[in-house]
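1. Requesting a structural model of the entry that follows:
(one chain, ligands or ions: 2)
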Amino acid sequence: MNKFRIGFGYDVHQLKEGHEFWLGGIKLEHEKGAFGHSDADVLIHVICDALLGAANLRDIGHHFSDQDPKFKGIDSKILLAEVMVLLREAGYEVGNLDTTICLQLPKINPHIPTMKKCLSEVMNVSENEISIKATTTEKLGFVGRQEGVSAYCSALIYSV
Ligand SMILES: Nc1ccn([C@@H]2O[C@H](COP(=O)(O)O)[C@@H](O)[C@H]2O)c(=O)n1
Ligand SMILES: C[C@@]1(CO)OP(=O)(O)OP(=O)(O)OC[C@H]1O
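-> Numbers count the residues shown, from 1 in each chain. Ligands and ions are numbered 1, 2, ... in the order given. Sure thing, here's the model as predicted:
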């Protein structure tokens, strides 16, 4: 019988002028971009954390340290692909993911189909199993002030 496990991820990155804005594996055109040790793709980071957590494999920083120059500016799609290797080596497959991006601007809805296609290809998981949603915080807090972007992910995995 398949064993089902759930996982959860949460992450925040600062938004700053003069940085690229990578989100869900694609580059958005915006006056500010996300800042981090990697490309700061907060959506991919929460997916990694939710999958690692579900498999009890620690977290993204444990596998890809923000102190390691090897990961400086790295494309987070590479990290997600590596997480999928770890997950499958541990004997699991992805059931489904449900994510929420908290971002005041820009609007994410027009980009969701492209993000889903991109993540589906990186993970080798059907687009139907990848849900991406977005919300503002009604101009409240660091998201509302456009100082940062946060995201959440719930993941279901099952043993194969
Ligand atoms: N960056 C965002 C934020 C929100 N959306 C979409 O707009 C809807 C309304 O947002 P509220 O914060 O007022 O609830 C939301 O449900 C999303 O569909 C978006 O595309 N990009
Ligand atoms: C991805 C890593 C590694 O480059 O760096 P950041 O882009 O800073 O991301 P974060 O989610 O803060 O932590 C994970 C890090 O290990």
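2. was I right about Ser150 contacting Thr136?
-> No: in this structure, Ser150 is not within contact of Thr136 by CB atoms under 8 Å, at 11.6 Å. The C-beta positions use only the backbone N, C-alpha and C, and glycine is treated the same way.
3. quick one: which of the two has more around it?
-> Taking other CB atoms under 10 Å, Ser150 and Thr136 do not tie; Ser150 has more neighbours (18 against 14).
4. For that one, give me the pLDDT.
-> pLDDT, Ser150: 99.
5. Show me the beta-bridge partners of it.
-> Val12, Cys102 (DSSP bridges).
6. distance of it from Phe21?
-> 14 Å (CB to CB, to the nearest Å).
7. How about Arg145?
-> 16 Å.
8. which parts of this structure sit against ligand 2?
-> 11, 36-38, 40, 45, 60-61, 64-66, 71, 74 (CB under 6 Å from any ligand atom).
9. Run a quick neighbour tally on the residue lying closest to His45 once chain neighbours are set aside.
-> Leaving aside its sequence neighbours, His45 sits nearest to Asp11 (CB to CB, 6 or more residues apart in numbering; 4.4 Å). Counted with other CB under 10 Å, residues neighbouring Asp11 total 23.
10. Isn't Asp11 up against Ala151?
-> Yes: here Asp11 lies in contact with Ala151, judged by CB under 8 Å, at a distance of 5.9 Å.
11. just to revisit the earlier point, which neighbours do Ser150 and Thr136 have in common?
-> When contacts are counted by CB atoms under 8 Å, 6 or more residues apart in numbering, Ser150 and Thr136 are jointly contacted by Cys102, Val143.
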